[in-house]
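Peer 1: 3D model of this:
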Amino acid sequence: MLQTIAGILIFLVQLNLSAQNIRVCNDCEIKTLQAGIAYAQPGDTIWIEKGIYKEHEIVINKPLTLIGKDFPVIDGEMIGEIIRIESDSVTIDGLFIKNVGTSYTSDFAAIRIKRSKHFLIQNIKLETLFFGIYLEKSDNGIVRNNYIKGNAKVEYQSGNGIHLWHCKNVQVLNNKIYNVRDGIYFEFVYNSLVQGNVSKHNLRYGLHFMFSNDDEYKGNFFEDNGAGVAVMFSKNIKIENNTFKKNKGAASYGLLLKEINDATILNNIFQENTIGTYLEGCNRITYANNNLLQNGWALKMMGACFENKFIHNNFIGNTFDVSYSGGNTSDNRFDYNYWSEYTGYDLDKDGIGDVPFRPVKLFSYITTKVPESIILIRSSFVDLVNFSEKVSPVFTPEHVFDSFPSMNKF
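Peer 2: Here you go, the predicted structure:
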């Protein structure tokens, strides 16, 4: 990844050695951004002065750097796409772009990057948009420090904040994304990094990615999205140091994992979600050092999950710590976790409970089979049911237990 960044910077420095500066403003000889692009030579820098420029369908077809002074406004007047990049080695920095057109046959975007390499999109403000920043078959670029605020009301009439399709070696860093369909969307994206982003109040997912391998998601904050974060049909994924918070609703998850293989999920916070983490068809996942706090279901495992390890996690104040619906669970390990529901003892004072902990409550098993029974959750009947199963386990999964429950939080 560092080599990719170094390559981009070296290329841009070499390109700019012979470049000239071009000024665009309402009182200049060059009054529009498109005119400035037409006048410029490859490698030039276009400086856009503060003002309002009512333009759309701006095409950048040569290596250029566009820099806005005091966030000049590019107003698309709700007509169509605003900026389209069709060249390698393009930088766009410091613009305020608004009023992207809406189309149900074309995904109009504030900035579209099409079949390009070595691009840098940074310090952009986007408002009133359909799609925000749309990358299509583009590689080796950076999208960072952008502010994206949509006005999405329903899914079919809205687009995504940052959208990547068939890309590789892209970094999505420190962006803030609000009120769009999916905050960040990946499809067929490889060897890429999503880090330091804030994605909140989006209609569907804070982050949604499918068929994308060898990617890393670190230090992001996802709160109050329609269904949280969805990770599907991918392998070799790292999800570390993220916060998944207050994703609530009938089908809401902090993190949904479906058909994921060979992943690490480390040092994340799952707090006040309907379901902290949902797993289906997931194999060889290491789930360690996570905090699962005050969720409805902290961990919900469905069928076809094998060889997963859950180690050194804190399960604190959840309604249900673990729910399981599937076949044989003996391939999954739960060891050395802290469970606030654990009432065992530690006679030898080694910090490990002397009695194994079974985290699947009978009532959790019942709600999996009969979802309507959740209305009884606060009744004394539930306490009686769970106590009877604790004394004599019959229905809960035989192999789901922590042999070494920690007496202390990690």
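Peer 1: So which residues of the protein form helices?
Peer 2: For the chain, the helices defined by DSSP state H occupy 2-16, 33-39, 362-369, 380-391.
Peer 1: Below-threshold pLDDT in the chain: ranges please.
Peer 2: Applying pLDDT under 70 to the chain flags the ranges 1-18, 326-330, 362-398.
Peer 1: Which single strand of it contains the most residues?
Peer 2: strand 253-266 (DSSP state E).
Peer 1: Partner strands of that strand and their direction?
Peer 2: The strands beside strand 253-266 in its sheet (DSSP bridges) come out as strand 229-240 (parallel), strand 275-280 (parallel), strand 283-288 (parallel).
Peer 1: Can I get those in CSV including mean neighbour count?
Peer 2: Placement of C-beta: from N, CA and C, glycine included. As requested, the strands paired with strand 253-266 are exported to CSV (neighbours: other C-beta atoms under 10 Å):
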stretch, mean neighbour count
strand 229-240, 20
strand 275-280, 26
strand 283-288, 20
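Peer 1: Throw these into JSON lines and include distance to residue 163, thanks.
Peer 2: As requested, the strands paired with strand 253-266 are exported to JSON lines (distance: least, C-beta to C-beta, whole Å):
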{"stretch": "strand 229-240", "distance to residue 163": "15"}
{"stretch": "strand 275-280", "distance to residue 163": "24"}
{"stretch": "strand 283-288", "distance to residue 163": "27"}
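Peer 1: quick one, which of those strands is nearest to residue 355?
Peer 2: Closest to residue 355 of the strands paired with strand 253-266 is strand 283-288 (C-beta to C-beta; 22.7 Å).
Peer 1: Pull out the CA atoms of the closest one and give them to me as PDB.
Peer 2: Extracted in PDB, the C-alpha atoms of strand 283-288 (Å, rounded to 0.1, in the frame of the first residue of the first chain):
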ATOM      1  CA  ASN A 283     -15.800 -19.900   7.800                       C
ATOM      2  CA  ARG A 284     -12.300 -19.500   9.400                       C
ATOM      3  CA  ILE A 285     -13.100 -16.100  11.000                       C
ATOM      4  CA  THR A 286     -11.000 -14.900  14.000                       C
ATOM      5  CA  TYR A 287     -13.300 -12.700  16.100                       C
ATOM      6  CA  ALA A 288     -11.200 -11.300  19.000                       C
END
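Peer 1: Dump the longest strand of the chain to CSV, restricted to CA.
Peer 2: C-alpha atoms of strand 253-266 as CSV (Å, rounded to 0.1, in the frame of the first residue of the first chain):
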residue,chain,number,x,y,z
TYR,A,253,-27.2,-5.2,12.3
GLY,A,254,-24.1,-3.6,13.5
LEU,A,255,-22.3,-5.9,11.1
LEU,A,256,-23.8,-8.5,8.8
LEU,A,257,-21.4,-11.2,7.5
LYS,A,258,-22.7,-13.5,4.7
GLU,A,259,-20.5,-16.0,2.9
ILE,A,260,-17.3,-14.6,4.3
ASN,A,261,-14.1,-16.7,4.5
ASP,A,262,-10.7,-16.2,6.2
ALA,A,263,-11.4,-12.9,7.9
THR,A,264,-10.1,-11.2,11.1
ILE,A,265,-12.5,-9.0,13.2
LEU,A,266,-10.5,-7.4,15.9
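Peer 1: Give me the buried positions along that strand.
Peer 2: 253-266 (16 or more other C-beta atoms under 10 Å).
Peer 1: now swap in stretch 56-65 and tell me
Peer 2: For stretch 56-65, the neighbour count (16+ other C-beta under 10 Å) marks 56, 58, 59, 60, 62, 63, 64, 65 as buried.
Peer 1: I'd assumed residue 38 was in contact with the third one.
Peer 2: Pointing back at residue 59 there. No: contact criterion C-beta atoms under 8 Å: residue 59 and residue 38 do not qualify, at 9.5 Å.
Peer 1: okay, the buried residues of stretch 56-65 in CSV with distance to residue 211 next?
Peer 2: Below are the buried residues of stretch 56-65 laid out as CSV (distance: C-beta to C-beta, whole Å):
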residue, distance to residue 211
56, 32
58, 31
59, 30
60, 29
62, 33
63, 31
64, 33
65, 33
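Peer 1: Closest one to residue 33 out of these, please.
Peer 2: Of all the buried residues of stretch 56-65, residue 33 sits closest to residue 58, with 5.6 Å by C-beta to C-beta.
Peer 1: got a list of what the closest one touches?
Peer 2: 33, 34, 37, 74, 82, 83, 84 (C-beta atoms under 8 Å, 6 or more residues apart in numbering).
Peer 1: top of those residues by neighbour count?
Peer 2: The most crowded member of these, judged by other C-beta atoms under 10 Å, is residue 83 (29 neighbours).
Peer 1: contacting residues for that residue?
Peer 2: Taking C-beta under 8 Å, 6+ apart, we find residue 83 in contact with 58, 60, 74, 92, 97, 110, 111, 112.
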